[in-house]
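K.L.:
Make a model of this:
(2 chains)
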Amino acid sequence: MVRSNYDYPGYERSGPVYWAKKTTLYAGVIFGALLMIAPFYWTVTTALSANPSVGIVTILPETITFEHFRALFAENPVERWFFNAIVFAGAVTLFNVAFDTLAGYAFAKLDFFAREKVFLLFIGTMMIPGMVTLIPVYIILAELGWVNTYRGLIVPFIASPFGIFLLRQYFLGLPDSLGEAARIDGCNKFQAFYHIYLPLAKPAVATLGIFAFMGAWNNFEWPLIIATSQELYTLPVALFLVQGQYTQNWGLVMATAAIMVLPVILAFLSAQQYFIRGMTLSGMKG
Amino acid sequence: MATQDSQSTEGGWARFGSLEAIRRKDNLAALLFILPNLIVFTAFLFVPVLFAVYLSFAEWQVLTGDLQFVGLDNYRSLIYPLPWENDWAVLSTPTVNLWWWAVSRTMIYTFGVVPVAIAGGLAVALVLDRQIRFKKVFRAAYFLPVMLSGAISAIIWGWILNLNGIVNNILGPVGLAHNWIGDPSTALGVIMLIAIWAGIGFNMIIFLAGLQNIPDELYEAARIDGTNGWQRFRHVTWPNLQNTYFFVIVLAIISSFQVFAIAYALTSGGPYYATTTIVVLIYQEAFQHDSMGLAAAMAMILFAIIFVFSYYQYRTRGNDEVTY
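P.N.:
Numbers count the residues shown, from 1 in each chain, chains lettered A, B, ... in the order given. This is a model prediction of the structure:
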């Protein structure tokens, strides 16, 4: 559908200038990409090498050993922490998707009292530094008796202003006439949302899902505060506490880092297609 | 109710009236749509914020449970200016007011990180939007750092920039080895570099989205007119990315003002307060010095700064909407 650059006058596909430009471009992109990836690479190689404290620059460790991973799992209930992290991130993601699609739709397609002001109020909460609310939220949960429970861990995060913003932008990009046609055909407002708009919003939902998952997976402060027993630690918290014991053993520290990084990378790669499209379409209209 | 209105109209010819009716009364439906968020936000954001506002006028020791209303004292004690000598030792005297210092550190961080991360993100997006081989692989590579939490990035970079880390092993033979994290004059720079490293990919994704929203026809027309690459960027890409800049800049500045995880995990605000940003200072006041009231007052000022900035952006932007 898109014509190639080369079909236009003045765009020659050969000659020294063309090749010089092309080489520079690729060299730059590859160099940048290497800068982005190198820390991950060193994380993994450090975790796999037998004696990383020497810190010598090598492309591959001289001897590859899984000793650091084995030690980590042998001395700690890593599986349990992994499970908790998945439950936390999974539940937060599901609730976020459900609640934020509803609200995003309302702000984009329904006309109601003080809509802009309420929206601004919701979005304004993005600006509140997390530190401000940490202690009051803890006190509220303590009153409810939710400290050291999954409920206490999950519930404060089940709605996110960023998700509402993202979904609103996306729904704004979809034509009003779709919903109006559905309404004239007898759909109520929820049906118009659920049957017409929601299926069209899959890319935005996937995007929100990734962000919600990443945010919860990487969340450090909150599980640290609300989980008082080891059984409720999530992976990041537990591993940071573990890391404190091994400060001089960089192999173990990097093994913990590698374990934390892997699931997010897998989640991203599995949803990458939708993700870019979601960002594109929810984009910047309105 | 609105459904009945639409049924009562005759065929499609009275559509104008029926649409008016459909559009008119959404209050109840909208309330139901928003309700779950409203409940969560009320319980875990609005009420806690109000409590924090009260706290900023009080002195509260969590450990002893001692809560006292002190009026404007917390705010008053933040106003005292800092001596502006560039002497690290001055900062460690306990009488020095660190608030303005933390503000200045945060400003340096923001003005250093935001433009570079945005320009870098735009540059990468422009290249990876073109017909380049393996662009999906490249996009994934540039996005990879975004998925790390600040704390993990800090740990990994702490290893790389360690005294016997990889960077010093490369620079050592050239005589440039340096205690990057331990030296107060380079520590903030290190944190800024990590933030740029982590931020480029995020901005890239948003710019890619913005670029793909620009209709191809505009570029085709421009090409037929015989424009060169720079002219197309200047007259087609640049103006059509306006909404994207807004989004990217606001998000970048808001998150820069709130930088915490990288600074705290890498250096705990040190050495010599070199990386004590606003939120690091808030955290230390609240949880290490046990003065919640002062921390809350700082948080309120931070919130006010961010709010004024964002609101200004929001209002000015409404006027120059781009239409295709």
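
K.L.:
Name the residues of stretch A:22-29 that are buried.
P.N.:
By 16 or more other Cβ atoms under 10 Å in any protein chain shown, the buried positions in stretch A:22-29 come out as residue A:29. C-beta coordinates here come from the backbone N, C-alpha and C atoms, glycine included.

K.L.:
Chain A versus residue B:233, what's the distance?
P.N.:
Counting by Cβ to the nearest Cβ, to the nearest Å, the separation of residue B:233 from chain A is 14 Å.

K.L.:
Please look at that residue and residue B:126 and confirm they touch.
P.N.:
Yes - counting by Cβ atoms under 8 Å, residue B:126 is a contact partner of residue B:233 at 7.5 Å.

K.L.:
so after the helix or strand containing residue A:137, what's the next helix or strand?
P.N.:
Per DSSP states H and E, residue A:137 falls inside helix A:130-144. Scanning forward in sequence from helix A:130-144 by DSSP H and E, the next helix or strand is helix A:150-154.

K.L.:
quick one: that following helix to chain centroid distance?
P.N.:
19 Å (Cα atoms, centre = their mean, to the nearest Å).

K.L.:
can you pull out the helices in the stretch 1-150 of chain B?
P.N.:
Ranges of helices within the stretch 1-150 of chain B are B:2-8, B:15-24, B:27-41, B:47-56, B:73-79, B:88-91, B:99-128, B:135-143, B:150-160, based on DSSP state H, counting those that start in this stretch.

K.L.:
If you average pLDDT over each of those helices, which is lowest?
P.N.:
Least confident of the helices of the stretch 1-150 of chain B, judged by mean pLDDT, is helix B:2-8 with a mean of 43.

K.L.:
quick one: low-confidence parts of the stretch 51-200 of chain A?
P.N.:
A:51-62 (pLDDT under 70).

K.L.:
Can you show me the helices along it?
P.N.:
Going by DSSP H, counting those that start in this stretch, the stretch 51-200 of chain A shows helices at A:67-75, A:78-109, A:115-124, A:130-144, A:150-154, A:161-173, A:176-184, A:189-191, A:198-200.

K.L.:
which of those helices sits most buried?
P.N.:
helix A:161-173 (a mean of 24; mean count of other Cβ atoms under 10 Å in any protein chain shown).

K.L.:
CA atoms of it as PDB?
P.N.:
Output in PDB follows, covering the C-alpha atoms of helix A:161-173 (Å, rounded to 0.1, in the frame of the first residue of the first chain):
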ATOM      1  CA  PRO A 161      -5.000   7.100  36.000                       C
ATOM      2  CA  PHE A 162      -2.500   6.300  33.300                       C
ATOM      3  CA  GLY A 163      -4.700   3.400  32.100                       C
ATOM      4  CA  ILE A 164      -7.800   5.700  32.000                       C
ATOM      5  CA  PHE A 165      -5.800   8.300  30.000                       C
ATOM      6  CA  LEU A 166      -4.600   5.700  27.500                       C
ATOM      7  CA  LEU A 167      -8.000   4.100  26.900                       C
ATOM      8  CA  ARG A 168      -9.700   7.500  26.700                       C
ATOM      9  CA  GLN A 169      -7.200   8.600  24.000                       C
ATOM     10  CA  TYR A 170      -7.900   5.400  22.100                       C
ATOM     11  CA  PHE A 171     -11.700   5.600  22.400                       C
ATOM     12  CA  LEU A 172     -11.600   9.200  21.200                       C
ATOM     13  CA  GLY A 173     -10.000   8.000  18.000                       C
END
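
K.L.:
In the stretch 151-286 of chain A, which residue sits closest to chain B?
P.N.:
Closest to chain B within the stretch 151-286 of chain A is residue A:218: 3.3 Å, counting by Cβ to the nearest Cβ.

K.L.:
Spatially, what comes nearest to that residue if we skip its sequence neighbours?
P.N.:
residue B:149 (3.3 Å; Cβ to Cβ, 6 or more residues apart in numbering or on different chains).

K.L.:
Identify the residues contacting the one you found.
P.N.:
A:218-220, A:236, B:261 (Cβ atoms under 8 Å, 6 or more residues apart in numbering or on different chains).

K.L.:
rerun at 7 Å
P.N.:
Applying Cβ atoms under 7 Å, 6 or more residues apart in numbering or on different chains to residue B:149 gives the contacts A:218, A:220, A:236, B:261.

K.L.:
Just want to check the distance between the last one and chain A.
P.N.:
When Cβ to the nearest Cβ is the yardstick, residue B:261 and chain A sit 7 Å from each other.

K.L.:
wouldn't that residue be in contact with residue B:150 here?
P.N.:
Yes - at 2.9 Å, residue B:261 counts as touching residue B:150 under the criterion of Cβ atoms under 7 Å.
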